[in-house]
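A.B. asks: Sequence first, predicted coordinates after that:
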Amino acid sequence: MSPFFVMSLLFGLTFGQTASLCAPSEYTIHVEKRECAYCLAINTTICAGFCMTRDSNGKKLLLKSALSQNVCTYKEMLYRTALIPGCPHHTIPYYSYPVAVSCKCGKCNTDYSDCVRERLRTNYCTKPQKLCNV
């Protein structure tokens, strides 16, 4: 291998993460329950952005750990709870949701993320809307 190739490879592996643009981003979640009179629009933050990944074309030349497919995921998060208005007494009117405090590029954690495909676009209200700014 030429010295230029080795230096380029080391540079890419070392500084590849600095080119990532993964950060908390504002997002609105629409939440409704069948029994409740209103839909609640919750303003929160999620992790979104670009993460450098490494193509597996050179997998015979690189260590397996250098061939990761990174995603923008939560580094720190907390959960908040909102009250859905217009619910009858027999219904639990609370909804807990994640708030991204900080983000990182890393492996996708299936405990709290859908790592395979984008979910269906169902983030809208079918009932009158109330806004929750937390």
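C.D. replies: Alright, I've got the coordinates.

A.B. asks: Which residues are in contact with the residue lying closest to G106 once chain neighbours are set aside?
C.D. replies: Using C-beta to C-beta, 6 or more residues apart in numbering and skipping the chain neighbours, the partner closest in space to G106 is T73 (5.5 Å). Backbone N, C-alpha and C define where each C-beta goes, glycine included. Counting by C-beta atoms under 8 Å, 6 or more residues apart in numbering, T73 makes contact with C22, C47, C103, K104, C105, G106, K107, C108, N109, S113.

A.B. asks: any idea how far D111 is from T73?
C.D. replies: Per C-beta to C-beta, to the nearest Å, T73 is found 11 Å from D111.

A.B. asks: hang on, the earlier thing: on the pLDDT front, check the residue nearest to G106 for me.
C.D. replies: For T73, the pLDDT comes out at 88.

A.B. asks: for V134, same thing?
C.D. replies: Confidence score, pLDDT, at V134: 52.
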